[in-house]
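Engineer: Here is a sequence together with a model predicted from it:
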Amino acid sequence: MQITPDPLTSPEIVAFLQAHLDQMRATSPACSVHALDLAGLQAPGMRFWSAYDEGELVGCAALKRLTDDHAELKSMRTAPHRTRQGIAAAVLAFVLDQARAAEFARISLETGSQDFFAPARALYARHGFTVCEPFGDYRPDPNSTFMTRLL
């Protein structure tokens, strides 16, 4: 698998991200969907990577700078037909390495609290994330789980 920076300009990644937004909107109440759209992922302070396996787009993730030493993991997605194959773990490990290289001291994330998101929460816990209070601009939300870890 190859994980590379992505300028978010190909029709393939645009469709992949739209499918992510559609799935989040179908899974969570509208007021609890915190996934970024294309413009949000292209904003200053964002870094975005796509993962390809033998030429197939299989995953993505973004890192959003919150402060000089704190970043947020955004837009983690694995192609639905490729889940449970280690792609998310590989992408997460890559992003954690990138965050360390950028000298962030902490990385946090928001994910859903519904059963649909249980595999994601388990993945993050396996990689050292623990539940925390809302961070950044987030507010308490029963549909959200906030997690963080030191780097």
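Structural biologist: Looks like it came in fine.
Engineer: tell me which element the residue nearest to A89 when sequence neighbours are not counted is part of?
Structural biologist: Nearest in space to A89, with sequence neighbours left out and distances taken as C-beta to C-beta, 6 or more residues apart in numbering, is L123 at 6.5 Å. For glycine as for every other residue, the C-beta is placed from the backbone atoms N, C-alpha and C. Per DSSP states H and E: L123 is located in helix 118-126.
Engineer: Skip ahead from that helix and say which helix or strand is next.
Structural biologist: strand 130-131.
Engineer: circling back to that earlier point, quick check: the residue nearest to A89 vs A93, distance?
Structural biologist: In this view, L123 and A93 are 11 Å apart by C-beta to C-beta, to the nearest Å.
Engineer: now swap in T130 and tell me
Structural biologist: To A93, T130 is 18 Å away according to C-beta to C-beta.
Engineer: quick one: contacts of the helix or strand bottoming out on mean pLDDT in the chain?
Structural biologist: Counting by mean pLDDT, DSSP states H and E, the chain has its least confident helix or strand at helix 11-27, which shows a mean of 92. Contacts with helix 11-27, where a contact means C-beta atoms under 8 Å, 6 or more residues apart in numbering, come from 6, 8, 33, 35, 37-38, 41, 50, 57, 60, 75, 77, 79, 112, 114, 116-117.
Engineer: so which strand or helix has the residue nearest to A71 when sequence neighbours are not counted?
Structural biologist: Here the nearest residue to A71 in space, its sequence neighbours aside, is F104; by C-beta to C-beta, 6+ apart that works out to 4.5 Å. Secondary structure from DSSP H and E places F104 outside every helix and strand.
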